[in-house]
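[1] sequence and computational prediction follow.
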2 protein chains.
Amino acid sequence: MRQSQLLSTTLREAPAEAETASHRLLLRAGYIRQLAAGIYSYLPLARRVLHKIERIVREEMEHAGAQEVLLPSLQPADLWEKSGRYERYGPELMRLQDRHRRPFVLGPTHEEVITALVDGEVSSYRRLPVTVYQIGTKFRDERRPRSGLLRGREFMMKDAYSFAAGWTELDDAYQAMFSAYHRIFERCGLRFAAVEADAGSIGGEGGTHEFMALAESGEDWIVSAPASGYAANLEKAYTRRADSVLDTSTEALEGSPRDWSADLPFTRLDTPGIKSIDELTAFLKVPASRIVKTLIYKAGQQVAAVLVRGDDEVNELKAAALLGVDEIEMIDAAQAESLGLAVGFIGPVGLKLTVLADPSVMDMGSAITGANEMDMHLSGVVPGRDFEPDLIADVRLAKEGDLDPQSGEPVVFTRGIEIGHVFKLGTKYSEALGAMYLDQNGQQKPFIMGCYGIGVSRLLSAIVEQRHDEQGIIWPEGLAPYDVHLIPVSVKDESQMAAAEELEQILQKLGFDVLMDDRDERAGVKFKDADLIGCPVRLVVGKGAAERIVEWKERAAEGKEELTFEEAIQRLKSRRR
Amino acid sequence: MRQSQLLSTTLREAPAEAETASHRLLLRAGYIRQLAAGIYSYLPLARRVLHKIERIVREEMEHAGAQEVLLPSLQPADLWEKSGRYERYGPELMRLQDRHRRPFVLGPTHEEVITALVDGEVSSYRRLPVTVYQIGTKFRDERRPRSGLLRGREFMMKDAYSFAAGWTELDDAYQAMFSAYHRIFERCGLRFAAVEADAGSIGGEGGTHEFMALAESGEDWIVSAPASGYAANLEKAYTRRADSVLDTSTEALEGSPRDWSADLPFTRLDTPGIKSIDELTAFLKVPASRIVKTLIYKAGQQVAAVLVRGDDEVNELKAAALLGVDEIEMIDAAQAESLGLAVGFIGPVGLKLTVLADPSVMDMGSAITGANEMDMHLSGVVPGRDFEPDLIADVRLAKEGDLDPQSGEPVVFTRGIEIGHVFKLGTKYSEALGAMYLDQNGQQKPFIMGCYGIGVSRLLSAIVEQRHDEQGIIWPEGLAPYDVHLIPVSVKDESQMAAAEELEQILQKLGFDVLMDDRDERAGVKFKDADLIGCPVRLVVGKGAAERIVEWKERAAEGKEELTFEEAIQRLKSRRR
């Protein structure tokens, strides 16, 4: 490919909204362009990398015995009603009607479609287990699309589904995918970890692991305990708090505005304009751990209050699961007012909503809460006496300082990017859709299913997050859009161009992908662009052209060397895997 | 691949609604399954064929200098409003809103997106021409999806777009794609023709050709005139009618219920319950050519009447173009009644609608029309005197018996399947979107564009339409899901299985795709399935297994031969292109 004809151009600056390195670099180097929030066009450089990732994925899937299919994005809503996900999935599910007003969804995953399909093809245990996969487009209307390809609304995914006769067969299929995922991410040159994960909206009964690419910019937190080997997604992590029962000694209570003995009724506190936990702690001079944080969420059709201690955050995924929905969303001020709620002063006492409380709230003994009245809080509120939650369950987000329940040691927080996910689904979908096989005894049984995803387009970003420097991207061998970036210093120098063209042809015949920078630009500009684009080897044809001497520079290393064409070719060959 | 593990099963019968051979065979052989009207899942056999077609398309696109991109399906409506297509495209365009109620469309093509993208990357004539392509999913909400993959609502397409500085550059880009299309369809083993075509909703100023696969089951008609070399899609065909002026001799008028001299006013005819042209001709004993057919269409926001002679049909594409929309739809009885129209008795006299008339209607001299009153027609209506159309233009469908305007010879009708389409778009989109480049004189000029499509999934069906027999599909070399269908006669015979496995391994090492029928079925069942699936070569390992003798049978030929393994391998190698 001649760079002068390449569709994309490099940019000096990335748009201000690009916050992560991969987002900035993929934009600057001309790999992707945004069409709308969370929706990107892949330019030729990115399309080439995607093809190379796809090939690795296909090879490992075939190696694991999976068969490739291609399933529609447009899926009839009635299929989703059968599985129950039409309601549960919430606003992330993109919905539309066809010209006859029949409701459809745009597939965010394909459990329903593949279950119905396999049900039609496979009727006997003799043809099980079977694992199918596809590489295709997925649609999810993310609330906050961000970071380029890291969280998009239309993206490329590899999804696989296994169908088994019995749980042991499922374990085998799961393990085959688990191993394939390891090989895929290794071949992509990634540093990653497999951690226990939350099943999210897919649901399911068995185990589930997430594969996380380790990266400072990752939006996911991995909570791990080296002592016990525990590793989980923050959303899934169950930890023990270091101070699960509050210190109720007299000294600890000093500075409290009221005695908090359970023998006394709660009292009212004037707190004019004091709404947030921070404002309250400052105004009342109490630690946040003495205040109940009351948050109001929309969960499907219902509105519910979630209570955590003032020094904790709500784990919204846990809360959603406990409330029986896939996604909850905090209500806004207007909605709160229409419900007659005193925004900033809401509390559980006398609250006419479903109330979900973390156990640590119940351990507070006495607490400060909103009074459900403007500019007013309550002090000396005793949970269990003054209010009774509808449900008491772990709903707090694990945090630094928490302890591993197993070893008692403090947990470690690391950031990661979710790049893959494997689930044991069990019979959730097969039962809902009536997808059955005949077992050895002639009995109808629901398929035991697993599902397995890889964010193919997200991988592009995850790799760049791990492999870049100030100057640009550093692609691993075999994934770069081009193996060799060939740069004649001066395109006006006929001997340089002739030598570069000769080398280009030799390399192409040997099967190397070559990008030749034939632009009439200063060498410095070309080198900068080469660093930005990130091909593994840069070959510069300059003054040594007549002697067929080329400058060898690896993107991932510092040194430069002068080599003959033959030496350079030999070295490229030897780097091939 | 072992057939016992293959996801799909063959079916004895195809569903009754499958009318074309390709639809029936692709269903019966287990290539595709319908999810909803016009929406199909591709099973492993079909996915493999698609990959092989995609590879041919990619190779020829790269050979023609096109660069691959991948553009989003979700496209913001405002981009489509700029091009004017948001309104014009009509109900075929699938529309939806995201969670913030922002309107989007699901791309049926990508002119808007690619024009905006290229505009951002290319600013100077020096980087032109550039042609980009993608292979991806398209969405079109067809009014009547049918024939399996021949007319679907979600389908796979290769679309390419060229951007040029000037018309000569566009001609070159167009010609490069035109040639590439020839090579692609030849490599797919198709019989096809390139014909003049209607630009449809894409619009544009220059030429446009359709590539038609010749097939009796095709839903498109090709109108050609061998004498002049004219060939056009029926929708585009402009022909001369053999009897453009009616015979007005006294004899010809015999049997007419009224004298039709233009000197006399029209008169009313009682026609109780007589609505259709057929009923009228029988009741009044007049030829259909004396009756004006008045059809009422919805064209965007307006309702219009289209007049043709009773023996003609309306060319709805021509009518839509004349009415300034992309698609028109006949109104239904309820709509007609709400407009106060007397369904079955509508006519142009006194009609308060936009009226579009074919010139042949104006040549009728005197005609029978609906009276716009129940059970009543008018006779002796003189077009131009008793009613004045808003527009007189060719709006009839060419039909057998018509003449080629150039040679005067009768035109020939042949059926075809549209498999490709090349357009010269000109500046339609670049002007609408303000997509400009700087020319040699430093002037801002709109890109001169072309666009080029191939129905990749439709090709699958088109190939099967041309290549099948009573028993099943006959794939051409290189496109079949597997090159070799290897069949051990009895899987319980150890020596047969061992020999078959040995041959399977040798062939796979040589790079052949092998489907081994390891099912415990009678040989007859296996042979039937092999014929249905349609791999080019069937190798049967039976009694000669111990001597490494195999039966060679080509799907496309009658004879069988006994060959040694080595001979069979040699023959397979020699068939490779």
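    On my side now, so go ahead. Numbers count the residues shown, from 1 in each chain, chains lettered A, B, ... in the order given.

[2] residue ranges of the strands in the stretch 151-300 of chain A, please?
    A:154-164, A:192-196, A:208-214, A:220-225, A:230-233, A:267-270, A:292-299 (DSSP state E, counting those that start in this stretch).

[3] surely residue A:52 touches residue A:478?
    Yes - shown here, residue A:52 and residue A:478 form a contact pair, counting by CB atoms under 8 Å, at 6.5 Å. Where C-beta positions appear, they are placed from N, C-alpha and C, glycine not excepted.

[4] just give me the lowest mean pLDDT stretch among the strands of the stretch 151-300 of chain A.
    Across the strands of the stretch 151-300 of chain A, strand A:230-233 has the smallest mean pLDDT, namely a mean of 84.

[5] and that one, what other elements does it pack with?
    strand A:192-196, strand A:220-225 (3 or more CB pairs under 8 Å, 6 or more residues apart in numbering or on different chains; DSSP states H and E).

[6] pLDDT weak spots in the stretch 151-300 of chain A?
    A:198-206, A:244-263 (pLDDT under 70).

[7] up against chain B, what does it have?
    A:153, A:154, A:156 (CB under 8 Å from any CB of the partner chain).

[8] output these as CSV; include the columns neighbour count.
    As requested, these are exported to CSV (neighbours: other CB atoms under 10 Å in any protein chain shown):
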residue, neighbour count
A:153, 24
A:154, 24
A:156, 22
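
[9] which of the helices and strands in chain A ranks last by mean pLDDT?
    helix A:250-253 (a mean of 44; mean pLDDT, DSSP states H and E).

[10] give me the spatial nearest neighbour of residue A:118, chain neighbours excluded.
    Computed as CB to CB, 6 or more residues apart in numbering or on different chains, the closest residue to residue A:118 that is not its neighbour in sequence is residue A:163, at 5.2 Å.

[11] still on that earlier bit, to residue B:86, which of the strands of the stretch 151-300 of chain A lies closest?
    Residue B:86 lies closest to strand A:154-164 among the strands of the stretch 151-300 of chain A, at 19.2 Å (CB to CB).

[12] so what strands line up beside that closest one?
    Its sheet considered, strand A:154-164 pairs with strand A:130-139 (antiparallel), strand A:448-455 (antiparallel) by DSSP bridges.

[13] just those strands: most buried one?
    Highest mean neighbour count among these (mean count of other CB atoms under 10 Å in any protein chain shown): strand A:448-455, with a mean of 27.

[14] for it, C-alpha coordinates in PDB please.
    These are the backbone C-alpha positions of strand A:448-455, laid out as PDB (Å, rounded to 0.1, in the frame of the first residue of the first chain):
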ATOM      1  CA  ILE A 448     -27.600 -27.300  29.200                       C
ATOM      2  CA  MET A 449     -26.100 -24.100  27.800                       C
ATOM      3  CA  GLY A 450     -23.000 -22.000  28.000                       C
ATOM      4  CA  CYS A 451     -22.200 -18.700  26.300                       C
ATOM      5  CA  TYR A 452     -18.900 -17.100  25.600                       C
ATOM      6  CA  GLY A 453     -18.100 -13.600  24.400                       C
ATOM      7  CA  ILE A 454     -15.100 -11.600  23.200                       C
ATOM      8  CA  GLY A 455     -15.200  -7.900  22.400                       C
END
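
[15] so which bits of the lengthiest strand in chain A are buried?
    As assigned by DSSP state E, the longest strand anywhere in chain A is strand A:412-426. Buried positions in strand A:412-426, judged by neighbour count with 16 or more other CB atoms under 10 Å in any protein chain shown: A:413-426.

[16] any idea which of those is closest to chain B?
    Closest to chain B out of the buried residues of strand A:412-426 is residue A:425 (17.9 Å), distances taken as CB to the nearest CB.

[17] right, and the closest one touches residue A:452 too?
    No - counting by CB under 8 Å, residue A:425 sits too far from residue A:452 to count as a contact (10.0 Å).

[18] which parts of stretch A:153-172 are buried?
    A:153-165, A:169-172.

[19] OK, contacts around the closest residue to chain B within the stretch 151-300 of chain A?
    When scored by CB to the nearest CB, the stretch 151-300 of chain A has residue A:154 as its residue closest to chain B, at 5.0 Å. Shown in contact with residue A:154 (CB atoms under 8 Å, 6 or more residues apart in numbering or on different chains): A:38, A:39, A:40, A:137, A:138, A:139, B:72, B:73, B:74.

[20] if we go to 10 Å?
    Applying CB atoms under 10 Å, 6 or more residues apart in numbering or on different chains to residue A:154 gives the contacts A:35-36, A:38-40, A:73, A:94, A:106, A:137-141, A:145, A:457, B:72-75, B:104.

[21] backbone dihedrals for residue A:329, both of them.
    phi -140, psi 130 (degrees, to the nearest 10).

[22] of the strands of the stretch 151-300 of chain A, which is nearest residue B:367?
    strand A:154-164 (55.2 Å).

[23] tell me the angle that closest one makes with strand A:412-426.
    With axes from the mean of the first three to the mean of the last three CA atoms, to 10 degrees applied, the angle from strand A:154-164 to strand A:412-426 works out at 50 degrees.

[24] got the residues of the stretch 451-577 of chain A near chain B?
    A:457, A:519, A:520 (CB under 10 Å from any CB of the partner chain).

[25] so where does the last one fall, helix or strand?
    Using DSSP states H and E, residue A:520 sits within no helix or strand.

[26] distance of the spatially closest residue to it that is not a sequence neighbour from chain B?
    Nearest residue to residue A:520, sequence neighbours excluded (CB to CB, 6+ apart): residue A:491, at 5.3 Å. Counting by CB to the nearest CB, to the nearest Å, the gap from residue A:491 to chain B is 13 Å.

[27] could you say which helix or strand holds residue A:491?
    Per DSSP H and E, there is no helix or strand for residue A:491.

[28] go ahead and confirm it touches residue A:522.
    No - Residue A:491 is beyond contact range of residue A:522, at 11.2 Å (criterion: CB atoms under 10 Å).

[29] of those two, which one has the most company?
    residue A:491 (18 against 11; other CB atoms under 10 Å in any protein chain shown).

[30] residues of the host helix or strand of residue A:54 that come out buried?
    Assigned by DSSP H and E, residue A:54 falls within helix A:44-63. The neighbour-count check on helix A:44-63 (16+ other CB under 10 Å) flags A:44-50, A:52-53, A:56-58, A:60-61 as buried.

[31] residue contacts, the residue lying closest to residue A:384 once chain neighbours are set aside?
    Once flanking residues are discounted, residue A:384 sits nearest to residue A:362: 6.0 Å by CB to CB, 6+ apart. Going by CB under 10 Å, 6+ apart, residue A:362 touches A:307, A:382, A:383, A:384, A:388, A:389, A:392.

[32] again, only using 8 Å
    A:383, A:384, A:389, A:392.

[33] look up phi and psi at the third one.
    This means residue A:389. Here is the backbone geometry of residue A:389 (degrees, to the nearest 10): phi -60, psi 150.

[34] pretty sure it is touching residue A:357, no?
    Yes - using CB under 8 Å, residue A:389 is in contact with residue A:357, at 3.8 Å.

[35] give me the common contacts of these two.
    Counting by CB under 8 Å, 6+ apart, the contacts common to residue A:389 and residue A:357 are A:307, A:348, A:383.

[36] how many residues are close by the first one?
    Using other CB under 10 Å, residue A:307 has 29 other residues around it.

[37] how about stretch A:514-525: buried residues?
    For stretch A:514-525, by 16+ other CB under 10 Å, it's A:514, A:515, A:516, A:517, A:518, A:519, A:521.

[38] so what's residue A:226 up against?
    Residue A:226 neighbours (CB under 8 Å, 6+ apart): A:409, A:412.

[39] how much space between it and residue A:409?
    8 Å (CB to CB, to the nearest Å).

[40] then residue A:471?
    40 Å.

[41] residue A:211 too?
    Residue A:211 is 25 Å from residue A:409, by CB to CB.

[42] quick one, phi/psi of residue A:5?
    Dihedral pair for residue A:5: phi -100, psi -10, per degrees, to the nearest 10.

[43] isn't residue A:463 right next to residue A:474, touching?
    No - counting by CB under 8 Å, residue A:463 does not reach residue A:474; the two are 9.4 Å apart.
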